[in-house]
Each structure stands twice: as structure tokens, then as C-alpha cells.
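K.L.:
need a 3D model of the following:
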Amino acid sequence: MKQFQFEYQSNEEFVNSIKRIKQWCNTSVVSNVLFQIYSETLDKSKIHNICEVIWQEMPEALYMGSSTNGNIINGEKSDKPITIICTVYEYPSTKVKLLQYVLNADTAADVAGDLIRITRENPWVKSIMTYTTMRGMSMSDYCDFLSDLPKHVVFCGGGAFSEDINDDSAYVFSSKGPISDHAAVFILTGGEDYYVRALHVTGWKPLGRNLKVTKAKGPVLKELDGEPAYKTYFRYLNINNDENFFTNTLEFPFLYELYGNDILRAPIACTEDGSLVMTADIAENANAKIAYGDPWTILESVDNAAASFRDFVPQTFTVFSCAGRRTFWGDDEISTETKPFQSIAPTSGFYTSGEFLRNGDHVIQHNVTLVVEAQREGPISTKGAPKVDVKRSDFSGKVSMINRLATFIQAATEELEEANRRLKLSSITDGLTGLYNRTEIQRRISEKVNEFEAYSAHGKSGIGAALIMMDIDNFKSVNDNYGHNEGDRVLIGLSDMIRETLIEFAPEASAGRWGGEEFMILCPEMNKEKAVELAEILRMRFSELDFPFAGKRTMSLGVTEMIAGENSDICCVRVDDALYEAKRTGKNKIVIG
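P.N.:
Numbers count the residues shown, from 1 in each chain. Model (predicted):
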């Protein structure tokens, strides 16, 4: 694999560059030639002219391109509006296939379906790279459709953009289709001697407590924790809704988990009602945190990502970097993110409106993210793994002030959350046994009765729940004869046995200490016949426990099933009556109420 990277200056220089490429091809084994064209300018006539030159000089070559927010060449941001990357594949086994589709909300499913079909028909495919327009459509469903691609195929790409970050205009094009503002281009690459890897890098780290997305629609985040989403930025970060809103919030995007991956979403605007317009869809009911962007931390993440490719020994890197990262760094510093990759292999790409990568089983649209694909033909070079060249004399061994403060805040937040969790747990659990206390188990019973009643009121039949109530037989004698410590051991032993049995036979059930030596179990979606079977297991297992002084003990149990139309108090009275009947008629038995 050989790559030529150059900036477009004029037609004459471009023609000369192509002639040099042709000369090199004439002296080498060549299987495919691909031109990738990145353009900050939205002048379609210039792009059309470049495509014509390629077709005239190398009609057998493929080309694909995108409008961008900036271009990456030789690992640095180009100061020219158009860059051209020519990749020459040298192994005869390497295959390349180019596709272009009209893409909008109505065609998304068909586009994904056809791409999946073609990929399955061509088992040699190992990589699919895409340039796509994103204007006027949600990409979430589209990504879900693409997730059905064969699992072994690496999928990555970037969203077309324009030089002006506030301009929605964008286009893609290829030798298989016209310049279009509603299209997706795909390059499928593979073969037995072709190898590919890809990853994503954020570098932004979570900060502070979890915030629940209580109201959202598509890319509009309306409420966090039941309040207008903007309040979070104003209250915690003192960020005003003014002309600097986007720039300021870029340092603090939202981070939340999607399919097990950390995803960033940056606000780009704030509406009058306090809703935030995000760079992409954000899921309702998700738990999000504000993330912080610290240059030191970000660069460390980038360096680690580059180092992870060393043993792969790539021949080229393609980088899709969010335009938000360019805004965050500024043009003088943005190349610090891509130079580490260039120190390993030729690196090119562009600044995007969104980044795509398959993570596990899912294709995900990222934002404020760096997506990197590494390619290689043939076995690993005998030269060995290259070193990552990071020239940051003031970086090694130091930790920035914001990093230290963020670490402090995060640690303090986690300690507070843990304290709150323990406080909440202590308010609903019994201090001795660790089971729910009476207040909590009663609340759960009432909640289940109300749920069952509402279900029945709509004419639907079904099982509400069963209750099992138990009482240790002759427990007073344990305390009187062996002391309260032994009595506590018996109560704890019973509680542990209940917990273990429910995990095994009824994991949805809830158990609580009703009072003294009495215990209650709520068994959702269980009828009284099944509850009796569970009660018998509990009775037998308790009778087999052997305590140090009290020896083996028994217990009596009452069982009942919820009846439509009765309240929780009546239900509890019935199971209590059944337990009393078991005690009155001989103990160590089960009675159904």
C-alpha cells in the first residue's frame, strides 16, 4: 500500500501530481487506485473539475470525497481548502468496491439494507468507510439499521460539513454518483492480504454527579432531572446563553453510556425555553454527566490510542475528527491530536459534523470524538513496530491544575453519592437482618396491589402476586434460654437462608422483616400454588439449619394470593390469619389463606 498526499493548488499542478503517481504505478504491482478528495469550499464547480481531471488521467481509478470543516494531511491541519489523498493498493488479492446512494429519512432503511446485502454477497469485505451528509435527518435509526452489517466488518466514517460551522450546507460525491447534499458514499475494502483496525478517542472525562435525561426529543435535550436543561450549565458552570455559548460548552459536553460505550454530545444552541440543541440525538431516560475537556488529559488519551496501533504496524491512517475538537483546540493547536499517528504512518482525513464507528454490535454516531482507522496490506514489516513520536517536553510526569481539581471533585462526588446510597439503603432495610424493613415491604405490597388493581380495571386477567408470611416457632424460648445474641443469630440465619433461596427460586421476589421473628415475602407474578412450593422449600431449609446453642428450629407459614378489588391491608390480614392458623393447629406447617 502506497499513499500520495498533496494539497490542490491548480489544475496544472494536479495533473503533474497524477502523472507522477502513474509513473510510480507503472513500475509497481497495482490492484486498485483510490482518490479521496476533501474540500472546505462548497464551490461544486471546483470539485467537478478535479473529478474530471482524475477521470481523464486515470479513468480506471476510483474517487470519493466530501465537503469538510477542514482537512488533515500528513498528520496536520492543512491551510489549503482542498486536499487530495491517493492510495495505491499493491496486493492482487486486495479488492475495492465503491457505492453511492441517495440518503434521507425515507431511504435510510433501504440504503442500509442494500449495503448489508452487498457486504454479505462479498465475504472478502473487511472494512466499510463512509462519507455522508446528515442534514435534515436523525442518524439514530440509520445507525441501528447499519448495525446488522456482518460483525467482522469494521465500519467507520464521517459526516460532511462546511468551512463555516454554523452552515448546514454539505455534500458528498464519488465516481459512482453526482455531487449531492443528500447522499452517502461507501468504500468497501478487503481481501486475504488486507488488514484493518479502528478505534475512537474522546479524552473528555466525566465530572460530578449523574443527571437523568427526563425529557428529550431527537437532538433536543429539554429537561435534566425535571428542570430545563440549560439550568445545569448556568448553575454549575456559570455559562450564559450568549454568542459564546457553543464555544464555552465545548469544554463541557455531556457524556453518557450507549451500548456500553461512552458517548459525547455537545450543545450547540439554547432555546428560549431552556432546551439544549445537541450535536446528535440523545436518549430519554439516559443517565448523563457533564464531562470536562482538559488539553493534557485529551493528549494523553490520543497518545495512548496511537501507541495501541504500534504492534499492528499500519501503512496508513484515516482520521475523522469532530469540528468541535477543532474549535476547542484552535487551528494553531489542533494538529497536536493527529501528529502522534503521523509518526507511525501517513495520516489524513477531515473535520466532520459527526463521526461513525462500529463498537461491538452497534454502529454509533459519535460527537466531539476522534475516530481513527488503520490500514495495512500484507504481513507485518520486518522493521518492527514504530515508535510514537510525542514531542511534549513539558507534558511527561505533570498533571494539569484542571485535572487535579476535576479528580478532587469527582472523588468528592463519588463519596457523597455512596453516602447517600447507604443512607437511602439504611432507611428501607432492617439493621439486623439486612432485609427490607416493614415500611418498605408494605410499600412494595401496596404498589403491587395498586398495579394489579389498575390492570384488572382494564379488563385484563392475570396474576398479581402471592404473599408468604412466616414466624419462627417458640422463638421466645430461644431468647429466654440462650440469650438475645443467640436469638439474633437465629434471625440472621433465617434471613440469609431466605435471601439465598429467593435468588435461586424467585429472584423477582422481595423479602422483609415484618417485626420481631415475623417475615414477609412478596412474590410478583406468582399464584398461591407456586407460592406454597416456595414456602415448603423455605420451611424445610430452615429446619435443617443448626444453631450453636438453639440447635434446629422450625417455623410456621401462611400463604395467600392477591384478589382483585381488595386493598393491601385486607391482603395482609388474610396472610396473617393463615399464619395464625398454622401456629394454632400445630406449628411447623403451611396454611393457605
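
K.L.:
which strands or helices does the biggest strand by length in the chain pack on?
P.N.:
Assignment by DSSP state E gives strand 205-217 as the longest strand of the chain. Helices and strands touching strand 205-217, as assessed by 3 or more C-beta pairs under 8 Å, 6 or more residues apart in numbering; DSSP states H and E, comprise strand 220-224, strand 254-258, strand 287-292, helix 401-428. From N, CA and C alone the C-beta is placed, and that goes for glycine too.

K.L.:
output the contacting helices and strands for the second one.
P.N.:
Read it as strand 254-258. strand 205-217, strand 261-265, strand 287-292.

K.L.:
please redo it, this time with the cut-off set to 7 Å
P.N.:
strand 261-265, strand 287-292 (3 or more C-beta pairs under 7 Å, 6 or more residues apart in numbering; DSSP states H and E).

K.L.:
how far off centre is it?
P.N.:
Here the centre of strand 254-258 is set off from its chain's centre by 6 Å, with C-alpha atoms, centre = their mean, to the nearest Å.

K.L.:
same check, this time on the third one
P.N.:
Strand 287-292 has its C-alpha centroid displaced from the chain centroid by 13 Å (C-alpha atoms, centre = their mean).

K.L.:
which residues are contacting that strand?
P.N.:
With C-beta atoms under 7 Å, 6 or more residues apart in numbering as the contact definition, strand 287-292 has outside contacts at 204-208, 210-213, 236, 251-256, 264, 402, 406.

K.L.:
one step back: kindly reformat the helices and strands packed on strand 254-258 as JSON lines containing mean neighbour count and mean pLDDT.
P.N.:
JSON lines is the format used below for the helices and strands packed on strand 254-258 (neighbours: other C-beta atoms under 10 Å; pLDDT from 0 to 100):
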{"stretch": "strand 261-265", "mean neighbour count": "22", "mean pLDDT": "88"}
{"stretch": "strand 287-292", "mean neighbour count": "20", "mean pLDDT": "88"}
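
K.L.:
now the longest strand of the chain against strand 261-265, angle please.
P.N.:
70 degrees (axes from the mean of the first three to the mean of the last three C-alpha atoms, to 10 degrees).

K.L.:
what mean pLDDT does strand 205-217 get?
P.N.:
Averaged across strand 205-217, pLDDT comes to 88.

K.L.:
okay, now the sheet partners of it, with direction.
P.N.:
strand 220-224 (antiparallel), strand 287-292 (antiparallel) (DSSP bridges).

K.L.:
export these to JSON lines and append columns for distance to T352.
P.N.:
Below are these laid out as JSON lines (distance: least, C-beta to C-beta, whole Å):
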{"stretch": "strand 220-224", "distance to T352": "21"}
{"stretch": "strand 287-292", "distance to T352": "19"}
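
K.L.:
for L502, find the nearest of those.
P.N.:
strand 287-292 (27.7 Å; C-beta to C-beta).

K.L.:
residue contacts, I282?
P.N.:
Here I282 is in contact with 213, 216, 219, 221, 265 (C-beta under 7 Å, 6+ apart).

K.L.:
is it in a helix, a strand, or coil?
P.N.:
When classified by DSSP: H, G, I helix; E, B strand; the rest coil, I282 comes out as coil.

K.L.:
mind checking how far it is from S140?
P.N.:
According to C-beta to C-beta, to the nearest Å, I282 stands 9 Å off from S140.

K.L.:
show me where the stretch 351-500 of the chain has strands.
P.N.:
Ranges of strands within the stretch 351-500 of the chain are 355-359, 362-366, 370-377, 465-472, based on DSSP state E, counting those that start in this stretch.

K.L.:
distance to Y455 and mean pLDDT added to those, as CSV?
P.N.:
Putting those into CSV (distance: least, C-beta to C-beta, whole Å; pLDDT from 0 to 100) gives the following:
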stretch, distance to Y455, mean pLDDT
strand 355-359, 39, 95
strand 362-366, 34, 95
strand 370-377, 47, 97
strand 465-472, 11, 96
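
K.L.:
ranking those by burial, who's on top?
P.N.:
Comparing the strands of the stretch 351-500 of the chain by mean neighbour count (mean count of other C-beta atoms under 10 Å), strand 465-472 comes out on top with a mean of 26.

K.L.:
paired strands for that strand, with orientation please.
P.N.:
With DSSP bridges as the test, strand 465-472 pairs up with strand 518-524 (antiparallel), strand 555-561 (antiparallel).

K.L.:
please identify the most buried of the ones you listed.
P.N.:
Most buried among the strands paired with strand 465-472, counting by mean count of other C-beta under 10 Å: strand 555-561, with a mean of 25.

K.L.:
average model confidence for that one?
P.N.:
pLDDT averaged over strand 555-561 gives 96.

K.L.:
and for stretch 301-310?
P.N.:
Stretch 301-310 comes out at a mean pLDDT of 94.

K.L.:
can you list contacts of it?
P.N.:
Contacts for stretch 301-310 (C-beta under 7 Å, 6+ apart): 197, 199, 201-203, 337, 340-341, 344, 370, 372, 374, 385-386, 388, 390.

K.L.:
which one of those is nearest to S353?
P.N.:
L370 (14.3 Å).

K.L.:
just give the closest residue to the closest one, not the sequence neighbours.
P.N.:
V201 (4.3 Å; C-beta to C-beta, 6 or more residues apart in numbering).

K.L.:
can you check I344 too?
P.N.:
For I344, the spatially nearest residue (C-beta to C-beta, 6+ apart) is P386, at 4.9 Å.
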